[in-house]
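>>> one predicted model, sequence on top.
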Amino acid sequence: MNLDKIFHLKENHTDVKTEILAGITTFMTMAYILAVNPNILSESGMDRGAVFTATALAAFIATCLMALLSNYPFVLAPGMGLNAYFTYTVVMGMGFTWQMALSAVFVEGIIFILLSLTNVREAIFNAIPMNLKHAVSVGIGLFIAFIGLQNAKIVVDSSTLVGVFSFKNSLKTGTFSTEGITVLLALIGLLITSILLIKKVKGNILWGILITWLLGIVCQLVGLYKPTPDAGWYSLLPDFSAGFSIPSLAPTFMHMDFSRIFSLDFVIIMFAFLFVDMFDTLGTLIGVASKADMLDKNGKLPKIKGALLADAVGTSVGAALGTSTTTTFVESASGVSEGGRTGLTSLTAALLFGLSLFLSPIFLAIPSFATAPALIIVGFLMLTSIVKIDFEDYTETLPAFICIIAMPFMYSISEGISFGVISYVVINLVTGKAKEKKISILMYILAILFVIKYVLL
């Protein structure tokens, strides 16, 4: 098989080794979803094993479609945030059954497919000004670095909303052998990954994850880290006691309930899924593509229709399998940082998601403190896009700044885009720069829709 012909490797200044390494890296930084998604969705009453299988299969199918339809290094899986909304808001908060919630996700995916085929999503992508696109990349960088700091427990909840982990309290309360040591390992992992990056070691992010995990295993073997499953601290060693069997999909497969499809509640829930998924995906595509210099001189992403279609089909297929909204993962940036530029990167990650069905004990054993340094470093690499923003023109810079700070502070990519678009339109309109900037009609429509969203939802 001539991989260069299929994925145009030379044309994209890459090679097979780089692409495969990038795909492995992206998968490693995303593997946590295989553990987290079943845990969250099982709280809505869904079967944990079935959700695990649905998660891996949805990621495999959607990411294969991304590779084949767009030849981009983006990887998809059931999204964080959207799974929490599914369980805690829709099922627990609004009283819908998980079967009804799945039907809302399925309908959202069908609408997405239609929007992708009719160029609506592509037009939205192209309407966003170039400086705002760079701001999205920077904002996502800060956001995923913040997620990394939280996953490592370096940043914790406090009376000031967030605070830094206290080793002193950890030693006092006797939690150093669980929480304290993992925070320390994450910090060591961050230093190791930073040094590997500076030394330009190929696969530095992947090596950082593996070395940090290995250090954790050593700490467990010598007794520095003590697994306490009841408190949520699990063994770092893969558990093969259940063998290699794949959990059955039967408890969730095609269990959608459309009985309340015409109710106002259903429409509101479906719209919420639709909105968050659309702008999380667009934000991720803008941010990662901008970082990888994939955008053309007009700020457009060639072959974006294929990328959006893969995302949309993945959402409906995922709902049919039995999982919440499938979306493009911002962790794709970790593979791009490793040099991934084509669909071979995403295909590699997709195959690993398929393989994870059989080797789930290994992938579920990778702790969040080992992947956290990777997210922080990727956040730094995405932050470098800030130099592309025009700081001379405040009508460009201020909306960019608002977009950047909204993402980590509001814990949402879509909120950052909302605030960025609203502020861009309002600031340029009020200062009389709108005509000069040739702001598109679509930007005005988006700004109005975002304002309406905040009033009604």
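Alright, I've got the coordinates.

>>> now tell me what touches the helix or strand residue 416 falls within from outside.
Taking DSSP states H and E as the definition, one finds residue 416 inside helix 413-430. By CB atoms under 8 Å, 6 or more residues apart in numbering, the residues outside helix 413-430 that reach it are 128-129, 132, 135-136, 139-140, 143, 275-276, 278-280, 282-284, 287, 330, 395, 398-400, 402-404, 406-407, 410, 433-434, 437, 439, 443-444, 446-447, 450-451, 453-454. Glycine gets a C-beta too; all of them are placed from N, C-alpha and C.

>>> in it, what's buried?
413-425, 427-429 (16 or more other CB atoms under 10 Å).

>>> same check, this time on stretch 377-389
377-383, 385-386, 389.

>>> how far does that stretch sit from its chain's centre?
Relative to its parent chain, stretch 377-389 has a centroid offset of 17 Å by CA atoms, centre = their mean, to the nearest Å.

>>> pLDDT on that stretch, on average?
In this model, stretch 377-389 has a mean pLDDT of 86.

>>> start to end distance for it?
21 Å (CA to CA, to the nearest Å).

>>> make 693 the first number, not 1, from now on.
New numbering, starting at 693: the last item is stretch 1069-1081.

>>> ok so, going back, could you dump the buried residues of stretch 1069-1081 to a markdown table with distance to residue 892?
As requested, the buried residues of stretch 1069-1081 are arranged in a markdown table below (distance: CB to CB, whole Å):
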| residue | distance to residue 892 |
| --- | --- |
| 1069 | 13 |
| 1070 | 16 |
| 1071 | 19 |
| 1072 | 15 |
| 1073 | 13 |
| 1074 | 18 |
| 1075 | 19 |
| 1077 | 20 |
| 1078 | 22 |
| 1081 | 26 |
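
>>> give me the neighbour count for residue 852.
The local packing of residue 852 (other CB atoms under 10 Å) involves 6 other residues.

>>> which residues of the stretch 893-1042 of the chain fall in helices?
For the stretch 893-1042 of the chain, helices defined by DSSP state H, counting those that start in this stretch occupy the ranges 896-914, 956-983, 996-1013, 1024-1029, 1035-1048.

>>> pull out the buried residues from the longest one.
Which is helix 956-983. Quick answer for helix 956-983 (16+ other CB under 10 Å): 958, 961-983.

>>> how about stretch 842-862?
Applying 16+ other CB under 10 Å to stretch 842-862 flags 842-847, 857, 862 as buried.

>>> residue 796 is in contact with residue 969, isn't it?
No. The pair residue 796 / residue 969 is not scored as a contact, 11.3 Å apart, by CB atoms under 8 Å.

>>> just how off-centre is stretch 987-1004 within its chain?
17 Å.

>>> outside of it, which residues touch it?
Contacts for stretch 987-1004 (CB under 8 Å, 6+ apart): 754-755, 757-758, 761-764, 766, 768, 801, 804-805, 807-809, 811, 813-814, 817-818, 820-822, 825, 969, 973, 977-978, 981, 986, 1018-1020.

>>> now do the end-to-end distance for that stretch.
Stretch 987-1004: ends 21 Å apart by CA to CA.

>>> please identify the buried residues of that stretch?
987, 991, 993, 996-1004.

>>> who touches the residue nearest the centre of the chain in this structure?
The structure's the chain has its C-alpha centroid closest to residue 1021; by CA atoms, centre = their mean the separation is 3.1 Å. Counting by CB under 8 Å, 6+ apart, residue 1021 makes contact with 718, 722, 725, 766-769, 771, 976.

>>> related to what we said a few turns ago, now, among the buried residues of stretch 842-862, which is nearest to residue 885?
When those are ranked by distance to residue 885 (CB to CB), residue 844 comes first, at 12.0 Å.

>>> isn't the closest one up against residue 875?
Yes. The pair residue 844 / residue 875 is scored as a contact, 6.2 Å apart, by CB under 8 Å.

>>> identify the contacts common to the two.
With CB under 8 Å, 6+ apart, residue 844 and residue 875 have common neighbours residue 1061.

>>> next one: stretch 1127-1146 to chain centre, how far?
That offset, for stretch 1127-1146, works out to 26 Å (CA atoms, centre = their mean).

>>> same question for it, mean pLDDT?
88.

>>> in helices, which of the contacts of stretch 987-1004 fall?
Among the contacts of stretch 987-1004, DSSP state H puts 754-755, 757-758, 761-762, 801, 804-805, 807-809, 813-814, 817-818, 822, 825, 969, 973, 977-978, 981 in helices.

>>> which helices and strands sit right next to the helix or strand where residue 1098 lies?
Here residue 1098 is covered by helix 1086-1102, with elements defined by DSSP H and E. Helix 1086-1102 sits against helix 822-843, helix 1105-1122, with contacts defined as 3 or more CB pairs under 8 Å, 6 or more residues apart in numbering; DSSP states H and E.

>>> list the buried residues in it.
For helix 1086-1102, burial by neighbour count (16+ other CB under 10 Å) applies to 1087-1089, 1091-1101.

>>> next, the angle from the helix or strand that residue 874 is a member of to helix 822-843.
Assessed by DSSP H and E, residue 874 sits inside helix 873-890. Relative orientation of helix 873-890 versus helix 822-843 (axes from the mean of the first three to the mean of the last three CA atoms, to 10 degrees): 140 degrees.

>>> now, the buried residues of stretch 1069-1081 that are in strands?
If you go by DSSP state E, the buried residues of stretch 1069-1081 have nothing in strands.

>>> nearest to residue 748, of the residues you listed?
residue 1070 (22.6 Å).

>>> residues touching that closest one, list them.
721, 833, 836-837, 897, 1023, 1025-1026, 1029.

>>> ok, 6 Å please
1025-1026, 1029 (CB atoms under 6 Å, 6 or more residues apart in numbering).

>>> please tell me how far it sits from residue 884.
Going from residue 1070 to residue 884 by CB to CB, to the nearest Å gives 15 Å.

>>> circling back: turn the contacts of residue 1021 into CSV, columns for pLDDT and distance to residue 932.
Output for the contacts of residue 1021, formatted as CSV (pLDDT from 0 to 100; distance: CB to CB, whole Å):
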residue, pLDDT, distance to residue 932
718, 91, 25
722, 83, 22
725, 85, 21
766, 92, 32
767, 94, 26
768, 95, 28
769, 94, 24
771, 84, 29
976, 83, 34
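
>>> Throw those residues into CSV and include distance to residue 1041, thanks.
Output for these, formatted as CSV (distance: CB to CB, whole Å):
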residue, distance to residue 1041
718, 5
722, 7
725, 12
766, 9
767, 4
768, 9
769, 9
771, 15
976, 14
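
>>> any idea which of those residues is closest to residue 750?
Nearest to residue 750 among the contacts of residue 1021, counting by CB to CB, is residue 769 at 6.9 Å.

>>> state the distance from the closest one to residue 1106.
In terms of CB to CB, residue 769 sits 17 Å off from residue 1106.

>>> also residue 802?
In this view, residue 802 and residue 1106 are 20 Å apart by CB to CB.

>>> okay, now the unreliable bits of the stretch 793-942 of the chain?
Of all residues in the stretch 793-942 of the chain, none has pLDDT under 70.
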